[in-house]
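# Here is a sequence together with a model predicted from it:
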Amino acid sequence: MANRVRFYETGAPDVLRFEQYEPGEPGQGEVRVRHAAVGLNFADCYFRTGMYPAPLPAGIGVEAAGTIEAVGPGVTGFAVGDRVTYTGSPLGAYSDVRCMPVASLIKLPDEIPFETAAAMTMRGLTSAYLMRAIYRWQAGDTFLLHAAAGGVGLIVTQWAKLLGLNVIGTVSSEEKAEVARAHGCDHIIYYKKEDVAQRVRELTGGQGVPVVIDSVGKDTFQASLNSLRRRGLLIGVGTASGPFPPIDALQLAIRGSLYFTRPALADYIADPLERAELSGELFDHVIKGRIKIEVNQRYELKDCVQAHQDLEAGRTTGSSIFVI
């Protein structure tokens, strides 16, 4: 028997159930993967609360890394013993063994540990498209990054420094500020006690920034818009505080012909060639030490309720994983 986490109703973290099950044999186009580590992401909370709908009962989790232990019919390009990582559908990564469609898998280089892979596949590929595919960055650009001490924030900041960019990061505490600074954040704004947009204007000579990367959502939306310069871009990449409010198109015009986009990672890795390019660049940065992945919280699957409570309460920095 194997172990997994499921939920039978949406709600608070205590709806999660740790249970035993039989993973079975892989079907057509599938492999069975024995996980070594599983990623913990805010997206998991969105599914659990029903913000992202899923047919119930449902598994949970979208990211893990491990080894293929069985191959189903019709599978090519993967074999028993291959090291793999993945992020995306179908739900169910919170498990020690599971069957997966082979199309979702990414081969993992030997130089990258499983724990690192589980901590960075979703966050790292998100950072990759933010830095490489969504905006034409120029060396010297300054941008605003919310949740600068989070898993995506730390990777984005390091990648930004490789591109010669300046990062203004928001954090909630001095502890998180130290973490953000250590990874290259140039300026810190304490969003709980400072006016974010006002500080951004002060730091940019009154102009504002060309780009805001906002993974917080409802609570930071207005400050993000107010921080943009004319024709600036707000990238709504997450909703930790709740969904972004409805967009008033006229207000975007009045505030300086602003742009807003709400990207989803799935649309940037759906094409196998694009996914290979983004993952290849990410892996290369990590292997060569240009980007370091911070695994700052480790849990067991049976402690999934506590893990979700910590994540939602803002008690985590960097990446969090379940160790199998």
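Cool, the structure landed. No experiment lies behind these values; they were computed from the predicted model shown. Numbering: from 1, shown residues only.
# ok, and the closest non-adjacent residue to residue 25?
For residue 25, the nearest residue in space outside its immediate sequence neighbours is residue 70; the separation is 6.5 Å by CB to CB, 6 or more residues apart in numbering. Where you see a C-beta, it was placed from the backbone N, CA and C, and this is true even at glycine.
# now residue 95
Nearest non-adjacent residue to residue 95, counting by CB to CB, 6+ apart: residue 4, 3.7 Å away.
# what do you get for residue 16?
Across the structure, with CB to CB, 6+ apart as the measure, the residue nearest residue 16 apart from its sequence neighbours is residue 304 (4.8 Å).
# go on, residue 245?
In space, and not counting its chain neighbours, residue 245 is closest to residue 221: 6.0 Å by CB to CB, 6+ apart.
# And for residue 218?
Taking CB to CB, 6+ apart, and ignoring the residues beside it in sequence, residue 218 has residue 242 as its nearest neighbour in space, at 3.6 Å.
# Distance of that neighbour relative to residue 307?
With the distance defined as CB to CB, to the nearest Å, residue 242 ends up 21 Å from residue 307.
# Give me the more crowded residue out of those two.
Summary of the neighbour comparison: residue 242 and residue 307, criterion other CB atoms under 10 Å, with residue 307 having more neighbours (24 against 12).
# helix or strand right after the helix or strand harbouring the more buried one?
Mapping residue 307 onto the secondary structure by DSSP states H and E places it in helix 304-312. For helix 304-312, the succeeding helix or strand toward the C-terminus, using DSSP H and E, is strand 319-323.
# Which neighbours in the sheet does that following strand have, and how are they oriented?
Applying DSSP bridges, strand 319-323 is found paired with strand 30-40 (antiparallel), strand 295-299 (parallel).
# Considering the ones you listed, which stretch scores lowest in mean pLDDT?
The weakest mean pLDDT among the strands paired with strand 319-323 belongs to strand 295-299, with a mean of 93.
# Give me the angle between that one and helix 304-312.
When axes from the mean of the first three to the mean of the last three CA atoms, to 10 degrees is applied, the directions of strand 295-299 and helix 304-312 differ by 150 degrees.
# which outside residues touch strand 295-299?
Contact partners of strand 295-299, identified using CB atoms under 8 Å, 6 or more residues apart in numbering, comprise 40, 115-116, 119, 306-307, 310, 316-323.
# make it 7 Å
For strand 295-299, the external contacting residues (CB atoms under 7 Å, 6 or more residues apart in numbering) are 115-116, 119, 306-307, 310, 316-323.
# And those residues, which two are furthest apart?
In the contacts of strand 295-299, the most distant members under the criterion CB to CB are 116 and 306, with 22.6 Å between them.
# Which one of these two is surrounded by more residues?
Neighbour comparison, residue 116 and residue 306: the larger count goes to residue 116, with 23 against 12 (by other CB under 10 Å).
# downstream neighbour of the helix or strand where the more buried one lies in the secondary structure list?
Taking DSSP H and E as the criterion, the element that holds residue 116 is helix 114-132. Reading on from helix 114-132 to the C-terminus, the next helix or strand found by DSSP H and E is strand 142-145.
# partner strands of that next one, parallel or antiparallel?
Partners of strand 142-145, by DSSP bridges, with direction: strand 166-171 (parallel), strand 209-214 (parallel).
# Pull the distance from the first one to the chain's centre.
Translated: strand 166-171. Offset of strand 166-171 from its chain centre (CA atoms, centre = their mean, to the nearest Å): 17 Å.
# Just send the strands paired with strand 142-145 back as a markdown table, with mean pLDDT, distance to residue 104 and mean neighbour count too.
Output for those, formatted as a markdown table (pLDDT from 0 to 100; distance: least, CB to CB, whole Å; neighbours: other CB atoms under 10 Å):
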| stretch | mean pLDDT | distance to residue 104 | mean neighbour count |
| --- | --- | --- | --- |
| strand 166-171 | 97 | 32 | 26 |
| strand 209-214 | 97 | 26 | 25 |
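# could you dump the ones you listed to a markdown table with distance to residue 18?
Formatted as a markdown table, the entries for these read as follows, by distance: least, CB to CB, whole Å:
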| stretch | distance to residue 18 |
| --- | --- |
| strand 166-171 | 33 |
| strand 209-214 | 33 |
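# got the angle between the helix holding residue 116 and strand 30-40?
Inter-element angle recorded for helix 114-132 and strand 30-40: 80 degrees (by the same axes, to 10 degrees).
# Please report how far the most centrally placed residue in the chain lies from residue 229.
In the chain, the residue lying closest to the centroid (CA atoms, centre = their mean) is residue 123, at 3.3 Å. Applying CB to CB, the value for residue 123 to residue 229 is 28 Å.
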